[in-house]
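Engineer: Sequence and predicted structure below; questions after.
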Amino acid sequence: MKILQKKSSIFITIAVILAFILLISSIFYTDTDQASSTTTPTISSDSIPTIFVHGFKGSAHSFDGMLDRFQRQHWGKKEMVIYVTNEGDTIIKGNISKNVMHPLIQVVFHNNRASFQETAGYLKKVMRILYTQYDIQEVNIVGHSMGGIISTKYIEETYHKKDYPTTHKLITIGSPFQGVILKRFKQNPNNTGAAAIDLVPHSKALKILVQNSRKFDPNIQVLAIAGVIEDKNDGDGLVSLYSAFGGKNIVPKNQFHTKIVYGKSAYHSGLHENKNVDLLVSTFLWGNHKKIKHSN
């Protein structure tokens, strides 16, 4: 009889211990589940739209080819084109689809000779619309030539300001942060307008960019791409290597990266048609390492 009582006592003790373990496990699981449900979701880098900004005298054709190639390579999808009229009004074509990978947005300025200040104002208006009307919280920006300068100025002017997307990454392609090669620039009588004055080496507009470098968001990763046809001083024929990498005077050193594209196809107005540039852009933005067949 005593043996049976002893066994019964052991079974009761084991049952109590098991019940206690199950209770503790249930509490721990519940706490963990609650904690995970209150965690703030992060924006996937795949869903961040990339904004393409053309340069001086540019148009929709400036980035049409690159965006078409990106779509053919399945690196992204062109979702929207935003035109800014001479009066500063916006015309929006397209929309941002849900769950699209690497959405691409093209910005086109009808007044493509406006000053740095005025054009940056146009870009600010576009970005504010994307933030307030399309709930775009974060963007990448790719700017060719003056487009890279305008994008940099936009970043400086909106640092810590509400109602604008945060810039995740910036790529400048042949952007003359130290001005254009003046002799070559003046050879074209069509290079006129307020922007033509701003693009001159040592211009007031270029100096202001450097003076405001403290306003450049230090968290932005920047890639500067330069073209060199033969000589570094001649660079891409219009922008020297030194000038194309002039963003180093604005961007924090540990955030600033550089790449050079060489050869006959590295001329200034052809950089956005260069498949080596395509690869550099896609790799920096999204980590694509698929090689593109190309020839100089």
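Structural biologist: Sure, I can see it.

Engineer: Could you use CA atoms for every contact and neighbour count after this?
Structural biologist: Fine.

Engineer: and residue 50, how far is that from residue 231?
Structural biologist: Distance of residue 50 to residue 231, given as Cα to Cα, to the nearest Å: 32 Å.

Engineer: neighbour-wise, which of these two wins?
Structural biologist: Higher neighbour count among residue 50 and residue 231: residue 50, with 23 against 13, using other Cα atoms under 10 Å.

Engineer: The spatially closest residue to the more buried one that is not a sequence neighbour: how many residues sit nearby?
Structural biologist: Spatially, and ignoring its direct neighbours in sequence, residue 50 is nearest to residue 140 (4.4 Å; Cα to Cα, 6 or more residues apart in numbering). Here the number of neighbours of residue 140 (other Cα under 10 Å) works out to 23.

Engineer: wait, isn't residue 140 in contact with residue 46?
Structural biologist: No: using Cα atoms under 8 Å as the test, residue 140 is too far from residue 46 to be in contact (10.8 Å).

Engineer: Three-state assignment for residue 142, please.
Structural biologist: When classified by DSSP: H, G, I helix; E, B strand; the rest coil, residue 142 comes out as strand.

Engineer: That one bridge partners, please.
Structural biologist: residue 52, residue 171 (DSSP bridges).

Engineer: contacting residues for it?
Structural biologist: Contact analysis of residue 142 by Cα atoms under 8 Å, 6 or more residues apart in numbering lists 50-53, 148, 170-173.

Engineer: Quick check: buried residues in stretch 276-286?
Structural biologist: Of all the residues in stretch 276-286, those buried under the rule 16 or more other Cα atoms under 10 Å are 276-282, 284-285.

Engineer: now the residues you listed as a markdown table including secondary structure, distance to residue 126 and pLDDT?
Structural biologist: Listed next are the buried residues of stretch 276-286 as a markdown table, based on DSSP: H, G, I helix; E, B strand; the rest coil; distance: Cα to Cα, whole Å; pLDDT from 0 to 100:
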| residue | secondary structure | distance to residue 126 | pLDDT |
| --- | --- | --- | --- |
| 276 | helix | 29 | 97 |
| 277 | helix | 26 | 98 |
| 278 | helix | 24 | 98 |
| 279 | helix | 27 | 97 |
| 280 | helix | 26 | 98 |
| 281 | helix | 22 | 98 |
| 282 | helix | 23 | 97 |
| 284 | helix | 24 | 98 |
| 285 | helix | 21 | 97 |
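
Engineer: Check those residues against residue 262 and report the nearest one.
Structural biologist: Of all those, residue 262 sits closest to residue 276, with 9.3 Å by Cα to Cα.
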